[in-house]
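Visitor: Below is the structure, and that's it, no one-letter string:
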């Protein structure tokens, strides 16, 4: 269902762009919950509700939000420790979990 997912964080603001297709049946109460961690520290939790999605549709949704200020030492630590920044994404339809994704991130500090 989810085909493209992008997170951009700049100057303390975040933007999530989600693109997905719906099959031949309608999707009611589509919701995504996502949590971002560095090691055991929760950086941010997101809860996006998409509502009703019509059958055979391609959908794009953009969310803009505040991302917590991270200290330079934490940012440096995240860059120095690739794949220790992680996310868990949970996808629900009609309050029923339909998919769970995990992702690991490596940052290069903009290089």
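Guide: That came through fine. What you see is a predicted model; the values in this text were computed from it and never measured.

Visitor: does residue 22 really touch residue 50, like I thought?
Guide: No. The pair residue 22 / residue 50 is not scored as a contact, 10.0 Å apart, by CB atoms under 8 Å. (C-beta placed from N, C-alpha, C; glycine too.)

Visitor: Which residues are in contact with each of the two?
Guide: Residues touching both residue 22 and residue 50 (CB atoms under 8 Å, 6 or more residues apart in numbering) are residue 59.

Visitor: How about the spatially most distant residue from the centre of the chain: what's its closest non-neighbour residue?
Guide: Most distant from the centre of the chain: residue 24, at 25.2 Å, with distances by CA atoms, centre = their mean. Among residues not flanking residue 24 along the chain, residue 55 sits closest, at 5.3 Å (CB to CB, 6 or more residues apart in numbering).

Visitor: residues near that neighbour, how many?
Guide: A total of 10 residues lie near residue 55 under the criterion other CB atoms under 10 Å.

Visitor: Quick check, pLDDT for it.
Guide: Here the pLDDT value assigned to residue 55 is 94.

Visitor: what are the ranges of the strands in the chain?
Guide: Secondary structure of the chain (DSSP state E): strands located at 2-10, 13-21, 27-38, 41-53, 58-66, 85-93, 96-105.

Visitor: In the protein, which residue is most central in space?
Guide: residue 34 (5.2 Å).

Visitor: Mind listing the residues bridging to that one?
Guide: residue 46, residue 89 (DSSP bridges).

Visitor: Ok, residue 93 next?
Guide: In beta-bridge terms (that is, DSSP bridges), residue 93 pairs with residue 30, residue 96.

Visitor: quick one: it from residue 28, how far?
Guide: Per CB to CB, to the nearest Å, residue 93 is found 7 Å from residue 28.

Visitor: Alright, calling it a day.
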